[in-house]
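# generate a structure from the sequence data that follows.
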Amino acid sequence: QVQLVESGGGLVQAGGSLRLSCAVSGRTFSTYAMGWFRQAPGKEREFVAAINWSGLTTYYADSVKGRFTISRDNAKNTVYLQMNSLKPEDTAVYYCAAVRTTAQRVRVRLEEYDYWGQGTQVTVSS
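The predicted structure follows:
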């Protein structure tokens, strides 16, 4: 069973930065495509960013493009989300997700992922 544990959330002022981490258990992390999603109160969970198994392909939601960067370290079984120029509308619980595939394309839909973390809260004050 694959387990995902997010960390790095917190309270930050608008314009600030945070880096989220997602540690993944198991020895086959390099065969998983990874994604970050978020869910604000009263809203549906939405796609934020995704990266393929090799790290060579990434994709971002328009709302975070140019501000957020997804990356992975396969030696550390960890995927990261660097968030810069944060806005109050970025406030949400952030979840990482995994699906085992070595395809080049990334996954952007919730239903394409098999494993989820418990989430980490990000709050951006104005």
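# when you work out contacts or count neighbours from here on, use the C-alpha atoms and nothing else.
OK.
# please name the bridge partners of residue 122.
residue 10, residue 92 (DSSP bridges).
# from residue 102, how far out is it?
Noted for residue 122: a distance of 30 Å to residue 102, by Cα to Cα, to the nearest Å.
# higher neighbour count, the two?
residue 122 (22 against 14; other Cα atoms under 10 Å).
# contact partners for that one?
9, 10, 11, 12, 90, 91, 92, 93, 94 (Cα atoms under 8 Å, 6 or more residues apart in numbering).
# which of the residues you listed tops the neighbour count?
residue 94 (26 neighbours).
# show me what the helix or strand hosting that one is packed up against.
Element membership of residue 94, judged by DSSP states H and E, is strand 92-100. Applying 3 or more Cα pairs under 8 Å, 6 or more residues apart in numbering; DSSP states H and E, one finds that strand 92-100 makes contact with strand 4-7, strand 32-39, strand 115-116, strand 120-125.
# distance from it to the middle of the chain?
5 Å (Cα atoms, centre = their mean, to the nearest Å).
# pLDDT on it, on average?
Regarding strand 92-100, the rounded mean pLDDT is 97.
# dump the C-alpha coordinates for that strand into CSV.
Included here for strand 92-100 are C-alpha records, laid out as CSV according to Å, rounded to 0.1, in the frame of the first residue of the first chain:
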residue,chain,number,x,y,z
ALA,A,92,-7.1,25.8,0.9
VAL,A,93,-6.2,22.3,2.0
TYR,A,94,-3.6,21.0,-0.4
TYR,A,95,-3.4,17.3,-1.2
CYS,A,96,-0.9,15.3,-3.1
ALA,A,97,-1.9,12.3,-5.2
ALA,A,98,-0.2,9.4,-6.9
VAL,A,99,-0.9,7.0,-9.7
ARG,A,100,1.4,4.3,-11.0
